[in-house]
Every structure is written in structure tokens, then in C-alpha cells.
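K.L.:
coordinates only, sequence not included:
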């Protein structure tokens with residue numbers, strides 16, 4: 001290779017590119033700002049906590065007094081809860097309704113009365129769920145034998161003189177009680193009357209109807225509802241009752 005060629009190549013070489021020094025980006029700057037803000041927030045909080053702990057250690061008797069008051073307050077609430085439970089049990093055992101009382105109730109109060117009668121019979125979880133979108137269930141309860149009850153209430157202010165409960169009412173209960181609510185016992189309760197076709201439909205679909213007469217016996221006595229109905233499913237679990 002000639003000297004000229006070497007010189008030509010030497011002269012055509014480009015000088016190495018200088019590395020550019022990177023400046024800290026915006027992300028790093030934001031992270032530093034966040035860290036600084038966090039430190040500004042944490043340090044005063046730590047100082048405050050240490051100061052409070054030192055003050056409490058110096059005034060330990062305040063902690064003892066607060067603890068004693070909390071224990072007394074908890075004991076008082078527990079006592080009140082127990083007293084309410086005892087009173088509710090006594091009231092439920094002696095719960096009685098006359099048909100005239102039930103006739104005078106608002107339909108919502110009628111549903112509550114049915115709920116309370118189920119509680120009297122030993123269904124501790126009986127609850128009223130009536131209202132818009134209840135899907136045919138006004139009262140739900142589990143009896144002491146483990147059976148799930150779904151009750152639809154039909155209140156008639158005029159009693160027997162009011163409109164009768166018909167087959168369409170029972171069809172609603174039949175369509176939702178078992179499939180939607182998981183009922184073992186599906187019941188419709190009314191202080192009025194039930195049409196003959198509705199009664200026949202109830203027998204065919206294993207639905208139970210509590211008409212005015214049965215309601216009067218149930219509400220005025222201490223016999224549970226399952227002793228007044230026919231063909232109630234067998235117990236799901238043993239009980240001492």
C-alpha cells in the first residue's frame with residue numbers, strides 16, 4: 001500500500017464523537033420532589049408521636065382512667081343488650097294478636113306482625129323483607145328444625161269483606177319461593193279469604209295457605225305455625241323441641 005493511500009485514509013478518518021453528559025430528567029426531579037415532600041410530612045408526625053408518648057408515660061394515670069372508663073362502658077352496653085334480649089324473649093313468648101288488631105294494621109305493620117309471630121315460634125332469624133322488589137317474599141325465617149320459610153303476606157283492611165286472594169298471587173309465590181329464595185316451606189298469609197281455585201292450585205304446587213281462620217288460631221295462641229299446617233316437609237336437623 002502506498003504512502004499516499006495511507007495518508008488519504010488517515011485524513012478521511014473522523015474524530016471520535018464526544019459523549020454527551022445527560023442531565024437529570026423530569027421523572028427523577030419529580031421523584032426527588034415527592035421524596036422531599038414525604039420527608040416533610042413524616043418528620044413532624046414522628047416528632048408529634050414521640051411527644052405524645054412521652055407525655056402519656058409521664059401521665060400514666062390518665063391511661064389507666066381511660067381504660068377503666070372503657071371497660072365500664074363496654075360492661076354497661078353488654079348489660080343493656082342482655083336485658084333487651086331477655087325482654088324480647090319474654091315479650092315474644094307472650095305475643096298475642098286478635099283478628100281485629102291485625103285488620104287495623106297497615107300492610108307493612110302486618111308483615112312485621114307475621115315476622116314477630118315466627119320469632120315467637122322459635123325462628124330467631126325471622127326478618128321482614130317486604131317492599132319493592134321483594135320477589136314475592138315478605139318474611140323469611142328458619143324454624144328450629146332447620147326448614148327455610150318464605151312467607152308472602154296479603155293484608156285486607158276489610159278482612160273477609162276485602163278482595164280475595166286468587167291464583168295469580170299464589171303463582172308469584174310459586175315462581176320465586178323455591179327457585180329464588182330457597183324455601184322449604186312456601187306460605188301465603190292473609191287476614192281475608194282465599195278463592196277455591198287458589199286453594200286447589202296451592203295443593204297442587206305444595207304451597208301452604210294461612211287464611212283468616214288459621215291466622216286467628218295462630219296469632220291468638222302459642223302453637224307454632226307448622227303444627228297448624230298439613231304436609232309440612234320433615235325436619236332438616238334434630239332439635240330438643
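P.N.:
Cool, got the structure. Keep in mind it's a predicted model, so treat the numbers as computed, not measured.

K.L.:
distance of residue 190 from residue 100?
P.N.:
15 Å (C-beta to C-beta, to the nearest Å). Placement of C-beta: from N, CA and C, glycine included.

K.L.:
who's more crowded, the two?
P.N.:
Remark: of residue 190 and residue 100, residue 190 carries more neighbours, 23 against 9, as counted by other C-beta atoms under 10 Å.

K.L.:
distance of the residue nearest to residue 184 when sequence neighbours are not counted from residue 54?
P.N.:
Leaving out its chain neighbours, the residue that sits closest to residue 184 by C-beta to C-beta, 6 or more residues apart in numbering is residue 147, at 4.2 Å. Residue 147 sits 62 Å away from residue 54, going by C-beta to C-beta.

K.L.:
so for these two, which sits in the more crowded spot?
P.N.:
Neighbour tally, residue 147 and residue 54, criterion other C-beta under 10 Å: the higher count belongs to residue 147, 19 against 10.

K.L.:
against residue 122, how distant is the residue nearest to residue 184?
P.N.:
With C-beta to C-beta as the criterion, residue 147 and residue 122 are 11 Å apart.

K.L.:
show me what counts as buried in stretch 198-211.
P.N.:
For stretch 198-211, a neighbour-count test (16 or more other C-beta atoms under 10 Å) marks 198, 199, 201, 202, 207, 208, 209, 210, 211 as buried.

K.L.:
which ones among those are found in helices?
P.N.:
Among the buried residues of stretch 198-211, DSSP state H puts 198, 199, 201, 202 in helices.

K.L.:
pretty sure residue 110 is touching residue 191, no?
P.N.:
Yes: applying C-beta atoms under 8 Å, one finds residue 110 in contact with residue 191, separated by 7.2 Å.
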